[in-house]
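[1] okay, here's the prediction I keep looking at, along with the sequence it came from:
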Amino acid sequence: MNISFLEIAQIELEDAIAFYNREASGLGEAFLTEVLYALDRIRMLPEAWHPCSRRARRCRTRRFPYGVIYQIRTQEILVIAVANLHRKPDYWKDRVKG
């Protein structure tokens, strides 16, 4: 199943990578690796992760306080947010219906 991102979710991912790269050399790449690993887990078992709303689910990264918020669509998985779970955890809910 294909995975696509809302534009704002892609920006969140890029901003988080840049933030971690400013914190320590290579940390942004480690963050990206964690997100890619989460996306692989979502692709393999899309319904296995925690529901956060009627249509959205959340898969947490292991090393970083982030979750990949996504919806299972007919032909794809749509990433709604790459969310820092320590900051306003439900801020993304206005991006989805339900």
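    Sure thing, it's come through. Note that the structure is a prediction, hence the values are computed from the model and not measured. Numbers count the residues shown, from 1 in each chain.
[2] every contact and neighbour count from this point should use C-alpha atoms.
    Will do.
[3] what's near enough to touch the residue most central in space within the chain?
    Centroid-nearest residue in the chain, with C-alpha atoms, centre = their mean: Val68, separated by 1.9 Å. Neighbour list for Val68: 35, 38-39, 58-61, 79-83 [criterion: C-alpha atoms under 8 Å, 6 or more residues apart in numbering].
[4] let's have the residues you listed in JSON lines, adding secondary structure.
    Output for those, formatted as JSON lines (DSSP: H, G, I helix; E, B strand; the rest coil):
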{"residue": "Val35", "secondary structure": "helix"}
{"residue": "Ala38", "secondary structure": "helix"}
{"residue": "Leu39", "secondary structure": "helix"}
{"residue": "Arg58", "secondary structure": "strand"}
{"residue": "Cys59", "secondary structure": "strand"}
{"residue": "Arg60", "secondary structure": "strand"}
{"residue": "Thr61", "secondary structure": "coil"}
{"residue": "Val79", "secondary structure": "strand"}
{"residue": "Ile80", "secondary structure": "strand"}
{"residue": "Ala81", "secondary structure": "strand"}
{"residue": "Val82", "secondary structure": "strand"}
{"residue": "Ala83", "secondary structure": "strand"}
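[5] what helix or strand does the residue nearest to Ala56 when sequence neighbours are not counted sit in?
    Excluding the flanking residues, the one nearest Ala56 by C-alpha to C-alpha, 6 or more residues apart in numbering is Gln71, at 4.7 Å. Assigned by DSSP states H and E, Gln71 falls within strand 66-72.
[6] any idea how far that strand is from the middle of the chain?
    4 Å (C-alpha atoms, centre = their mean, to the nearest Å).
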